[in-house]
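1. quick one: sequence plus predicted model below, questions after.
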Amino acid sequence: MSAPFISWLRHGAASLAPPGVFTDAKAHVFCVEASTQALQNLVDTLLTPAAAGSVRYQVPLPVAVFSFMDIARCTSGADVVGWLPGREAAIWAPLLEYRSGELLPRLVFWAPYVFIDYTIGMVTGREVWGWPKVGAKIRVAGDAPGVTDFSCKTTFFRTLSTNTQGEHDVLYCAAQTQSAGPPTSVWPSAAQAAEGLITGLLGGLGAEVLRALRLQPTIDCIVLKQFRASDVPDEACYQAIVNSPIKVTSFAGGGPIWDRFVVKITTCESHGIVNDLLGVAPGGASTTLPVTFAAWATFDFEALSGSEIVVTS
């Protein structure tokens, strides 16, 4: 059962209608080695309970991807409001999706951590598709002379306790350790960029396997969308796994980054990133992971309307 959406336009609307339209987005991605078992445990904790047995997600490779995106213009393609610049940072895992009755799996991308620096993008992302977006201050290389690092500053708690005061500081960053000179554009098209990124990020999945997985012009992402029940707080009044496709509409260039980077992750109980990716408890105030592959790309894209893969409640 559904009802017409009551629009809050002209009354301070922060949740806008899809598609989301993004112009002149410059993305940087940093790949690190991860534990397949740790990632699968994370999937089985956050996705499998909502799959209701009709869909299954499997981690195919021991990789995780840290992304930073700086977007010149963000707006709605349906609601006429205006535009804002925006930045997002996320941690991604590639998954294979097995649906009942489907012979071949589908390659999808899932982000258990997503951070954003503007309210409309955060609220729209959470309410329309279910992205677990939270507010953050995101820095990218070139923000100031001599700045070569990428960082995500957000609120976190060192320990989970009623006596712990939250901090707003850098949760993780991609720090340059050696420069190889300015990056060059070696991917003249979105198709070549997709092939280069897939090969670099997911080296174990060759072109033949990708074709078998029915890789589409859109980038298929999956999200757990849920809303907590107001009367029974430990239950969901709505819960579903949603397909959230991203369509590249224009491509300006991109390529590998040959500079050397490491990812530094702050140790805190509120964001168990190290345990989620590696399956081990972090030691010390932070954990440093070497980046195995990095790349950049500049493009326009649209966040298309989603579709429900499975609805639990």
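-> Looks like it arrived, so ask away.

2. from here on, just use CA atoms for contacts and neighbour counts.
-> Noted.

3. can you get me a residue count around residue 12?
-> Under the neighbour criterion other C-alpha atoms under 10 Å, residue 12 is assigned a count of 7.

4. swap in residue 177?
-> The tally of other residues near residue 177 (other C-alpha under 10 Å) stands at 12.

5. next up, the contacts around it.
-> Listed by C-alpha atoms under 8 Å, 6 or more residues apart in numbering, the contact set of residue 177 reads 259, 260, 261, 262.

6. pull the number of nearby residues for residue 162.
-> 6.

7. please name the strands paired to the helix or strand hosting residue 301 in the sheet, noting orientation.
-> Residue 301 belongs to strand 286-303 when assigned by DSSP states H and E. Paired neighbours of strand 286-303 in the sheet (DSSP bridges): strand 20-33 (antiparallel), strand 236-256 (antiparallel), strand 260-266 (antiparallel).

8. save the ones you listed as CSV, and put in distance to residue 46 and mean pLDDT too.
-> Listed next are the strands paired with strand 286-303 as CSV, based on distance: least, C-alpha to C-alpha, whole Å; pLDDT from 0 to 100:
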stretch, distance to residue 46, mean pLDDT
strand 20-33, 21, 97
strand 236-256, 10, 95
strand 260-266, 21, 98
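
9. could I get those as CSV with distance to residue 90 and mean neighbour count?
-> As requested, these are exported to CSV (distance: least, C-alpha to C-alpha, whole Å; neighbours: other C-alpha atoms under 10 Å):
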stretch, distance to residue 90, mean neighbour count
strand 20-33, 10, 21
strand 236-256, 15, 19
strand 260-266, 13, 21
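
10. make a markdown table out of those strands and add distance to residue 107.
-> Shown next, in a markdown table, are the strands paired with strand 286-303 (distance: least, C-alpha to C-alpha, whole Å):
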| stretch | distance to residue 107 |
| --- | --- |
| strand 20-33 | 17 |
| strand 236-256 | 12 |
| strand 260-266 | 25 |
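
11. alpha carbons only: can I get stretch 126-143 in PDB?
-> Listed next in PDB are the C-alpha coordinates belonging to stretch 126-143 (Å, rounded to 0.1, in the frame of the first residue of the first chain):
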ATOM      1  CA  ARG A 126      18.800   8.500   3.100                       C
ATOM      2  CA  GLU A 127      15.100   9.000   2.500                       C
ATOM      3  CA  VAL A 128      14.900   8.100  -1.200                       C
ATOM      4  CA  TRP A 129      17.400   5.300  -1.600                       C
ATOM      5  CA  GLY A 130      18.400   4.500   1.900                       C
ATOM      6  CA  TRP A 131      22.100   5.400   1.800                       C
ATOM      7  CA  PRO A 132      23.500   5.500   5.400                       C
ATOM      8  CA  LYS A 133      24.800   9.100   4.900                       C
ATOM      9  CA  VAL A 134      26.000  11.200   7.800                       C
ATOM     10  CA  GLY A 135      27.400  14.700   7.900                       C
ATOM     11  CA  ALA A 136      31.200  15.300   7.500                       C
ATOM     12  CA  LYS A 137      33.800  17.800   6.400                       C
ATOM     13  CA  ILE A 138      35.700  16.300   3.500                       C
ATOM     14  CA  ARG A 139      39.000  17.600   2.300                       C
ATOM     15  CA  VAL A 140      40.600  16.800  -1.100                       C
ATOM     16  CA  ALA A 141      44.000  17.400  -2.500                       C
ATOM     17  CA  GLY A 142      44.500  20.900  -3.800                       C
ATOM     18  CA  ASP A 143      42.200  22.500  -1.300                       C
END
